[in-house]
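Q: Sharing a model prediction with you, sequence too.
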Amino acid sequence: MTKRNKIIYWIATIWLALGMAATAIVQLLKVKDEADRMAHLGYPLYFLTLLGIWKILGVAAVLIPKFALLKEWAYAGFFFAMSGAVFSHLAIGDEMLTLFGPLLLLALTVISWYHRPSDRKTVNQS
């Protein structure tokens with residue numbers, strides 16, 4: 001892995017972890033704005049707890065060493081959650097500005113996954 005790729009990986013991964021952890025905390029605390037947003041999208045309030053727990057577990061999986069298969073699942077979960085958020089906002093006709101957060105986290109997920117070191121992959125690839 002080149003030094004450039006390692007830097008890209010860690011920048012994307014740290015920002016991804018911070019973003020997912022921050023939104024998880026907001027969801028677990030059921031902050032009013034987040035609860036209102038979830039209701040606006042048509043999802044039940046308990047979905048906040050589920051997403052919050054999954055995000056915290058995903059952040060831990062992505063950051064801790066080893067457990068490559070678990071990391072793959074975490075990246076997949078982040079991808080599904082954020083692409084689902086984008087689709088949900090588009091489906092109900094929300095403004096494009098509401099897509100910024102989910103699209104940013106989606107991009108960070110892909111960048112972090114793509115640039116991850118070989119020891120964090122399920123199969124060593126060059």
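A: Nice, thanks for sending it over. Residues are numbered from 1 along each chain as shown.
Q: show me what contacts His89?
A: By C-beta atoms under 8 Å, 6 or more residues apart in numbering, His89 lies in contact with Leu41, Thr98, Leu99, Pro102. C-beta here means a position set from N, CA and C on the backbone, and glycine is covered the same way.
Q: need the residues you listed in a markdown table with neighbour count, can you?
A: Below are the contacts of His89 laid out as a markdown table (neighbours: other C-beta atoms under 10 Å):
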| residue | neighbour count |
| --- | --- |
| Leu41 | 16 |
| Thr98 | 18 |
| Leu99 | 16 |
| Pro102 | 20 |
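Q: Widest-spaced pair of the residues you listed?
A: Leu41 and Leu99 (12.5 Å; C-beta to C-beta).
Q: Among the contacts of His89, which lie within helices?
A: Per DSSP state H, helices hold the following members of the contacts of His89: Leu41, Pro102.
Q: nearest to Ala68, of the contacts of His89?
A: Nearest to Ala68 among these, with distances taken as C-beta to C-beta, is Pro102, at 25.9 Å.
Q: How about the contacts made by the residue nearest the centre of the chain?
A: Note on the chain: the residue nearest the mean C-alpha position is Phe78, at 3.6 Å, using C-alpha atoms, centre = their mean. With contact set as C-beta under 8 Å, 6+ apart, Phe78 has these partners: Leu16, Met20, Lys55, Gly58, Val62, Leu105, Leu106, Thr109.
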